[in-house]
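Student: Return a 3D structure for these sequence lines:
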Amino acid sequence: MIAQAQAQLHTIRDLLRFAVSRFNKAGLHFGHGSATAYDEAAYLILKTLYLPLDQLEPFLDARVTDSECKQVLDIIERRVKDRIPAAYLTHEAWLGDFSFYVDERVIIPRSFIAELLQTQLAPWIAEPDHITTALDLCTGSGCLAILMAHAFENAHIDAADISPQALAVAHKNVQDYGLEYRIGLVESDLFSALQGKRYDLIISNPPYVNAESMQQLPQEYRHEPENALASGEDGLDATRQILQQAVRHLTEDGILIVEIGHNRDAMERAFPQLPFTWLETSGGDEFVFLLQREQLP
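Tutor: Residues are numbered from 1 along each chain as shown. The predicted model follows:
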């Protein structure tokens, strides 16, 4: 099929149509940055051909060379046959206007907290300049720590993760953004290596996939580190530990923000005494909660 395609596909429009057809026929899952086969095909083609990612239309009828065609078709086939998420194929993931290096040592960045940081967590943080210490717990690629550094320019930030492999990726991203002097990377099983430290703001996008959902994950997600996804029978193992320990690591007026996926009902059943504030995101108000230090057990 590849040889036939290479002989008959001549323009970016041809390659785009071919890729969308292949992706739809293969029943690929899109949950790592693109929402549809069309969006993912356009991204992979533009990225492979070193074209601006926001300018497909001017290039649709541009002819490609034989070598360019082969490169695009190779990427398309890897995406279909191996079910490798696009971000791992290109080593690039985006949160808003920020791009990050990723590979299979880290979960692919996707977080509603990134949206909230665009507004500096208003109205919950009235004076962003007063945030001087912050923690990104379960930092993975370091993406949220980097976004925090841009949102709170006076803050020194710790970015903690249990995985030294993930921290190696985070180190590259922190270096790429020139933030080594403001973001410290810490190998830590949640708060274990952070004894005695207190923060004005703690954010976390911890593992939160329950056991039943882990068994049903599309193949694309199985390329990601399991320990960045799975969190016990109900998906709340990591979050329980965070809630038990966070009060000791927040300053007097400190705030805790945690993303928990589709587990709002389970959280409210497990912790009926806690006055969760559920933050509004583009996905709704069931994915991210906020608690002030005085509200924590």
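Student: So in this protein, which strand runs the longest?
Tutor: Secondary structure of the chain per DSSP state E: the longest strand is strand 250-259.
Student: Now do that one: distance to the chain's middle.
Tutor: 21 Å (C-alpha atoms, centre = their mean, to the nearest Å).
Student: Can you list the buried residues in the next helix or strand after it?
Tutor: Going down the chain from strand 250-259, the next helix or strand is helix 264-270, by DSSP states H and E. Under the neighbour-count criterion of 16 or more other C-beta atoms under 10 Å, helix 264-270 has 264, 266-267 buried. To be clear about C-beta, it is placed using only N, CA and C from the backbone, and glycine gets the same treatment.
Student: residues touching Leu9, list them.
Tutor: Contacts for Leu9 (C-beta atoms under 8 Å, 6 or more residues apart in numbering) come out as 15, 18, 69, 73.
Student: what comes into contact with the longest strand of the chain?
Tutor: Strand 250-259 is contacted from outside by 111-113, 116, 121, 124-125, 133, 198-206, 208, 239, 242, 246, 279, 287-293, 296, using C-beta under 8 Å, 6+ apart.
Student: Quick check: closest non-adjacent residue to Ala62.
Tutor: Using C-beta to C-beta, 6 or more residues apart in numbering and skipping the chain neighbours, the partner closest in space to Ala62 is Ile12 (5.5 Å).
Student: What strand or helix carries Val102?
Tutor: In this structure, Val102 is located outside every helix and strand according to DSSP H and E.
Student: what ranges of the protein fall below the confidence cut-off?
Tutor: Regions of the chain meeting the criterion pLDDT under 70 cover residues 1.
Student: hey, where'd the strands end up in this structure?
Tutor: According to DSSP E, the strands that the chain contains are 93-95, 98-100, 133-137, 156-161, 183-187, 199-204, 250-259, 277-278, 288-292.
Student: Mind putting the ones you listed into JSON lines with distance to Lys81?
Tutor: Converted to JSON lines, the strands of the chain look like this (distance: least, C-beta to C-beta, whole Å):
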{"stretch": "strand 93-95", "distance to Lys81": "22"}
{"stretch": "strand 98-100", "distance to Lys81": "26"}
{"stretch": "strand 133-137", "distance to Lys81": "35"}
{"stretch": "strand 156-161", "distance to Lys81": "31"}
{"stretch": "strand 183-187", "distance to Lys81": "35"}
{"stretch": "strand 199-204", "distance to Lys81": "35"}
{"stretch": "strand 250-259", "distance to Lys81": "32"}
{"stretch": "strand 277-278", "distance to Lys81": "41"}
{"stretch": "strand 288-292", "distance to Lys81": "36"}
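Student: Please work out which of those is packed deepest.
Tutor: Each of these was scored by mean neighbour count; the highest is strand 133-137, a mean of 27, by mean count of other C-beta atoms under 10 Å.
Student: Which parts of the stretch 101-250 of the chain are helices?
Tutor: Secondary structure of the stretch 101-250 of the chain (DSSP state H, counting those that start in this stretch): helices at 112-117, 143-151, 164-176, 211-215, 237-245.
Student: circling back to that earlier point, if we only consider the buried residues of helix 264-270, which is nearest to Gln216?
Tutor: Nearest to Gln216 among the buried residues of helix 264-270 is Ala266, at 16.7 Å by C-beta to C-beta.
Student: what's the distance between stretch 95-106 and the middle of its chain?
Tutor: Computed by C-alpha atoms, centre = their mean, the chain-centroid distance of stretch 95-106 equals 7 Å.
Student: Can I get it as CSV, trimmed to CA atoms?
Tutor: The C-alpha trace of stretch 95-106 is given here as CSV (Å, rounded to 0.1, in the frame of the first residue of the first chain):
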residue,chain,number,x,y,z
LEU,A,95,-0.6,23.1,26.4
GLY,A,96,-2.0,26.3,25.1
ASP,A,97,0.8,28.3,23.5
PHE,A,98,3.5,26.3,25.2
SER,A,99,5.2,23.3,23.6
PHE,A,100,7.1,20.6,25.5
TYR,A,101,9.4,17.8,24.6
VAL,A,102,7.9,14.3,25.4
ASP,A,103,8.7,10.7,24.9
GLU,A,104,7.5,7.5,26.5
ARG,A,105,9.2,8.2,29.8
VAL,A,106,6.4,10.6,30.6
